[in-house]
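In: Here's my sequence, what's the structure:
(2 chains)
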There are 2 protein chains.
Amino acid sequence: MKDQTIICSQSKIAGCDFALYPMTDQFVHVIMKALEEVDTSKVWVKTTDVGTCVRGKIVHVFDVTKALFLHAAQTGHHVVFSGTYSIGCPGDSAGDVFLAEDDIRLNEAQSSKIQQNIAGKFSLYPLGGGDYMDMIYSQIEAMKQEGIHVSSIHYATRLDGEGKDVFNGLEQVFTNMEKSDSSHTVMTVTISANSPSKKDVDNNE
Amino acid sequence: MKDQTIICSQSKIAGCDFALYPMTDQFVHVIMKALEEVDTSKVWVKTTDVGTCVRGKIVHVFDVTKALFLHAAQTGHHVVFSGTYSIGCPGDSAGDVFLAEDDIRLNEAQSSKIQQNIAGKFSLYPLGGGDYMDMIYSQIEAMKQEGIHVSSIHYATRLDGEGKDVFNGLEQVFTNMEKSDSSHTVMTVTISANSPSKKDVDNNE
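Out: As a prediction, this is how the structure comes out:
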């Protein structure tokens, strides 16, 4: 894979280090089937025993992670996606990425057909700057424009709605951060589908 | 619970927003049993459909999260702990915490008996300061002194070893950060036990 790596100095490398957790004895099958159904050819991918890392352009990193979660959730099992999106890390190495791809999303047609109610949360960490709390608050406001129910919890912001809308909102916020003054942004995300637990939406936003 | 909240302005509130993911049809039973076996009386706890939040002194936040993971992993199922530890967030509210407790760990005697090989990873995010990468690098070095195999992966640092040693190392690093110049530190952690996947330890540290 590394031999095919194409570096483009014009774009920053985006990436997501994530895992899918299907709470079922068939967890291997659920994960493998999602991986079969999703086209990952526009991102660099590495899977290990502690998770999967994808790297590439922002659009493709989100296209692939959204599609993997939605396909796994469609099985009806309780499935959780837990991931860390990152861009601009000064300690990042230049390789392990495809950046010369176009912006056409390979999995959008399939993903847009999947209806899946989710409960989730996200946290944004703009690193290296003193005004990071203002950046966080403004992106929480931006998330409220995406058709998602947004509420406050300790250490994160809770999101409830359609899975595809939530991933689209997260991509918008992450893209806003990439265009902002923050040179290095990390966003942690947890998205849960088909939980047997009662919803716990706090309306005190 | 809120009525019993005791605030102590001398200590910063530490917290962990986490979930246990047992990859089995019996996931509810595994989680409930771990919660029964662990004494959480020295931390504030709230569980929702997207995870559990514990808040209190650093020692008790780590005592409880370590014990919950080790008890769940002891069932032999593939179990993953995924959590975000945080201290010093300027947007944090003062409540929902017990800080007037002593430093005696309620679960250490049980946890120290549990042998459990794990594979994990952690990332440290010191917020609001320009020299955050140096802080991160020095804590990765500190982790190597804790009897854990430490290696580099994209967006995180991989940890392999005994589960209790790994949690002890994470607590040490988090405590070091609390004593450092960083006023607000976030640490994300993923710890996996009993995975059927082949270990993927990179020795190129």
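In: any idea which element residue A:30 lies in?
Out: Using DSSP states H and E, residue A:30 sits in helix A:27-37.
In: Ignore what I typed, I meant residue A:92.
Out: Using DSSP H and E, residue A:92 is not contained in any helix or strand.
In: Quick one: name whatever helix or strand follows the helix holding residue A:30.
Out: Assignment by DSSP H and E places the next element after helix A:27-37 at strand A:44-48.
In: which is the next helix or strand following that next one?
Out: Taking DSSP H and E, what comes next after strand A:44-48 is strand A:51-56.
In: ok, back up a step: now do the buried residues in the helix holding residue A:30.
Out: A:27, A:30-31, A:33-35 (16 or more other Cβ atoms under 10 Å in any protein chain shown). Bear in mind the C-beta positions are built from the backbone N, C-alpha and C, glycine included.
In: And for it, what's in contact with it?
Out: Contact partners of helix A:27-37, identified using Cβ atoms under 8 Å, 6 or more residues apart in numbering or on different chains, comprise A:20-22, A:24, A:67-69, A:71-72, A:75, A:77, A:79, A:110, B:23-24, B:78, B:196.
In: of the buried residues of helix A:27-37, closest to chain B?
Out: Distance to chain B across those (Cβ to the nearest Cβ) is lowest for residue A:27, with 4.0 Å.
In: Mind jotting down where the helices sit in chain A?
Out: With DSSP state H applied, chain A shows helices at A:27-37, A:58-73, A:108-111, A:132-143, A:163-179, listed in chain order.
In: who's in contact with residue A:196?
Out: A:78, B:28.
In: And chain B, is the helix or strand of chain A with the lowest mean pLDDT touching that?
Out: None of the helices or strands of chain A scores lower by mean pLDDT, DSSP states H and E than helix A:132-143, at a mean of 91. Yes: for helix A:132-143, a contact with chain B is found by Cβ under 8 Å from any Cβ of the partner chain, at A:132-133, A:136-137.
In: now for that helix, which elements pack on it?
Out: Identification of packing neighbours for helix A:132-143 by 3 or more Cβ pairs under 8 Å, 6 or more residues apart in numbering or on different chains; DSSP states H and E yields strand A:117-127, strand A:156-162, helix A:163-179.
In: Single out the most deeply packed of the ones you listed.
Out: Burial of those is given as mean neighbour count (mean count of other Cβ atoms under 10 Å in any protein chain shown); strand A:117-127 ranks first at a mean of 23.
In: about what we covered before: and the helix holding residue A:30, how far out from the chain middle?
Out: Chain-centre distance of helix A:27-37: 18 Å, with Cα atoms, centre = their mean, to the nearest Å.
In: Okay, angle between that helix and strand A:51-56 too, please.
Out: On the basis of axes from the mean of the first three to the mean of the last three Cα atoms, to 10 degrees, helix A:27-37 is oriented at 10 degrees to strand A:51-56.
In: what bits of chain A have low per-residue confidence?
Out: A:1-11, A:130, A:202-205 (pLDDT under 70).
In: make it 90
Out: Scanning chain A for pLDDT under 90 picks out A:1-12, A:89-101, A:128-135, A:146-147, A:179-183, A:197-205.
In: Looking at the helices and strands packed on helix A:132-143, spot the one closest to chain B.
Out: Among the helices and strands packed on helix A:132-143, strand A:117-127 sits nearest to chain B (Cβ to the nearest Cβ), with 4.8 Å.
In: for that closest one, packing partners?
Out: helix A:132-143, strand A:156-162, helix A:163-179, strand A:184-193, strand B:117-127.
In: Restricting to C-alpha, output that strand in CSV.
Out: Extracted in CSV, the C-alpha atoms of strand A:117-127 (Å, rounded to 0.1, in the frame of the first residue of the first chain):
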residue,chain,number,x,y,z
ASN,A,117,-32.0,6.9,14.3
ILE,A,118,-29.0,7.4,16.5
ALA,A,119,-27.8,8.9,19.8
GLY,A,120,-24.4,10.3,19.9
LYS,A,121,-21.9,12.8,21.2
PHE,A,122,-18.9,14.8,20.0
SER,A,123,-16.1,16.9,21.5
LEU,A,124,-13.9,19.3,19.6
TYR,A,125,-10.3,20.0,20.6
PRO,A,126,-8.6,22.9,18.7
LEU,A,127,-5.0,22.6,19.8
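In: How far off centre is that strand?
Out: 9 Å.
In: Quick check: can you name the pairing partners of it and their directions?
Out: strand A:156-162 (antiparallel), strand A:184-193 (antiparallel) (DSSP bridges).
In: show me what contacts the residue nearest to residue A:114 when sequence neighbours are not counted?
Out: Excluding the flanking residues, the one nearest residue A:114 by Cβ to Cβ, 6 or more residues apart in numbering or on different chains is residue A:70, at 4.3 Å. When contacts are counted by Cβ under 8 Å, 6+ apart, residue A:70 is found next to A:111, A:114, A:116, A:163-164.
In: Likewise for residue A:150?
Out: Residues near residue A:150 by Cβ under 8 Å, 6+ apart: A:140, A:143-144, A:157-159, A:205.
In: can you rerun that using 10 Å?
Out: A:122, A:140-144, A:157-161, A:169, A:205 (Cβ atoms under 10 Å, 6 or more residues apart in numbering or on different chains).
In: will you turn those residues into TSV that also has distance to residue A:43?
Out: Converted to TSV, those look like this (distance: Cβ to Cβ, whole Å):
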residue	distance to residue A:43
A:122	20
A:140	27
A:141	30
A:142	25
A:143	24
A:144	29
A:157	26
A:158	28
A:159	24
A:160	28
A:161	25
A:169	20
A:205	34
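In: Return the member of those nearest to residue A:181.
Out: residue A:142 (15.5 Å; Cβ to Cβ).
In: The closest one against residue A:176, yeah?
Out: Yes: in terms of Cβ atoms under 10 Å, residue A:142 counts as a neighbour of residue A:176; the distance is 6.1 Å.
In: re the thing from before, for the buried ones among the residues of helix A:132-143 next to chain B, write the corresponding PyMOL selection.
Out: Only the buried entries of these go into this PyMOL selection, using 16+ other Cβ under 10 Å:
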select buried, chain A and resi 132+136
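In: Next, give me the two most distant ones among the residues of helix A:132-143 next to chain B.
Out: A:132 and A:137 (9.9 Å).
In: Can you work out which residues contact both of the two?
Out: Counting by Cβ under 10 Å, 6+ apart, the residues touching both residue A:132 and residue A:137 are residue A:124.
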